[in-house]
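I'll drop the sequence and a predicted model, then ask my questions.
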Amino acid sequence: MRKIVLAAAAALAFQTAASSAFAAEEVKPMEHHWTFDGILGKFDKQQLQRGFQVYKEVCASCHSLNYISFRNLADIGYSEDQVKVIAAEYQVTDGPDENGDMFQRPARGSDHFPKPFANEQLARMSNGGALPPDLSLMTKARPDGPNYVYSLMMGYKDAPPKGFELAPGMSYNEYFPGHQIAMPQQLMDDRISYADGTKPTAAQLSEDVTAFLHWAAEPKLEVRHATGIRVLLFAFLFTVLAYLYKRRLWSRIEH
C-alpha cells in the first residue's frame with residue numbers, strides 16, 4: 001500500500017512539474033503582416049468593417065468597448081445614416097425623466113457602446129468567475145499587441161500536450177500566459193457570414209478583428225503617421241537650407 005501511495009505521489013509531482021514547466025514557457029507571438037505597420041502604414045477600412053462585424057456578432061456579448069462611441073465608426077468608412085442604424089440596434093440607459101426615473105432608449109451616435117454586463121459581479125457570474133476584459137486598448141496593453149491578439153485567437157488546441165494538467169473549465173492556448181484560458185475558442189471557420197463576401201476562415205476572422213481592435217486602441221494612428229512624415233520632411237528641408245546657408249556664409253571668410 002505504501003508503494004502505491006509513493007508511486008501516486010511521484011506521478012502527481014511529475015505531472016505538476018510538467019505543467020509548471022509548460023506554464024513558465026514563453027511562446028513568442030506569430031509574426032503577421034499588418035497594413036498599419038511602419039511609418040507609412042494605413043488601416044484597410046474594408047477590413048476594419050469586417051473586424052467590427054466580428055466584434056459585434058462574436059465578442060460584444062462578453063467584452064466591452066468602453067472608449068469607442070458609435071460616431072467613431074464614421075472613421076472606418078460608415079456613413080452618417082449607417083452609424084445611426086447601427087447605434088439604434090442598441091439600448092442605453094438615460095435619464096432621469098420628469099418623474100425622476102431612468103429609462104432605456106435606442107442609442108445615438110454620441111453614445112458609447114453599452115457594456116454587456118451591468119457590473120463586474122454579474123460579468124463574473126456569467127463567465128464562470130472570469131472577468132472578460134474591455135477590448136478598447138487590448139492591443140496596446142500587451143507587448144507586440146496585434147501579433148499577440150492574433151496569435152491568441154489562433155492558438156487554441158483541442159487537447160493540451162502530454163503531461164500538462166488542464167484545470168476544469170479551462171481551455172489550452174499556446175500563446176496565453178500559463179496556457180490556460182477561461183475563454184473557449186470563439187473564432188472558427190464560417191462562424192459568421194461576411195457582408196462583403198470575404199471567406200470567413202478562422203484566420204481571416206482573427207486578422208480582421210485584431211485590425212479593428214488596433215484601430216479602437218489607436219484611432220488616430222494614420223494622423224500620427226502623416227504628422228510624422230511632415231515633421232521628417234520639414235527637418236530634412238531645414239537641414240539642407242541650414243547647410244547651404246553655412247556654405248554661403250563661410251565662403252566669404254578667407255582661410
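Sure thing, it's come through. Residues are numbered from 1 along each chain as shown.

Quick check: which ranges of the stretch 1-150 of the chain have low pLDDT?
In the predicted model, the stretch 1-150 of the chain carries pLDDT under 70 at residues 1-25.

Would you map the strands across it?
Taking DSSP state E, counting those that start in this stretch as the criterion, the stretch 1-150 of the chain carries its strands at 91-94, 103-106.

The first one - contacts with which helices or strands?
Under the contact definition 3 or more CB pairs under 8 Å, 6 or more residues apart in numbering; DSSP states H and E, strand 91-94 sits against strand 103-106. Where you see a C-beta, it was placed from the backbone N, CA and C, and this is true even at glycine.

Please apply the same query to the last one.
Here strand 103-106 is seen to pack against strand 91-94 when contacts are counted using 3+ CB pairs under 8 Å, 6+ apart.

Apply 10 Å and report the result again.
Contact here means 3 or more CB pairs under 10 Å, 6 or more residues apart in numbering; DSSP states H and E; on that basis strand 103-106 packs against helix 80-88, strand 91-94.

which residues make contact with it from outside it?
Identification of contacts with strand 103-106 by CB atoms under 10 Å, 6 or more residues apart in numbering yields 84, 87-97, 111, 114.

let's go with 7 Å and repeat that
Residues from elsewhere that reach strand 103-106 (CB atoms under 7 Å, 6 or more residues apart in numbering): 88, 91, 92, 93, 94, 95, 97.

Is it possible to get JSON lines of those that adds neighbour count and distance to residue 26?
Output for the contacts of strand 103-106, formatted as JSON lines (neighbours: other CB atoms under 10 Å; distance: CB to CB, whole Å):
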{"residue": "88", "neighbour count": "14", "distance to residue 26": "45"}
{"residue": "91", "neighbour count": "12", "distance to residue 26": "43"}
{"residue": "92", "neighbour count": "17", "distance to residue 26": "41"}
{"residue": "93", "neighbour count": "10", "distance to residue 26": "43"}
{"residue": "94", "neighbour count": "14", "distance to residue 26": "47"}
{"residue": "95", "neighbour count": "12", "distance to residue 26": "49"}
{"residue": "97", "neighbour count": "9", "distance to residue 26": "54"}
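
any chance of these in JSON lines, plus distance to residue 164?
Output for the contacts of strand 103-106, formatted as JSON lines (distance: CB to CB, whole Å):
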{"residue": "88", "distance to residue 164": "47"}
{"residue": "91", "distance to residue 164": "43"}
{"residue": "92", "distance to residue 164": "44"}
{"residue": "93", "distance to residue 164": "44"}
{"residue": "94", "distance to residue 164": "49"}
{"residue": "95", "distance to residue 164": "51"}
{"residue": "97", "distance to residue 164": "56"}
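
Show me which pair in these is furthest apart.
88 and 97 (19.7 Å; CB to CB).

What helix or strand is the closest residue to residue 160 other than its chain neighbours located in?
With sequence-adjacent residues excluded and distances taken as CB to CB, 6 or more residues apart in numbering, residue 160 is closest to residue 172, at 4.1 Å. Under the criterion of DSSP states H and E, residue 172 resides in strand 171-172.

Pairing partners for that strand, with directions?
Here strand 171-172 is paired, per DSSP bridges, with strand 180-181 (antiparallel).

Please pull up the helix or strand immediately following the strand it pairs with.
Counting by DSSP H and E, the element after strand 180-181 in chain order, helix or strand, is helix 202-217.

Right, I'll leave it there.
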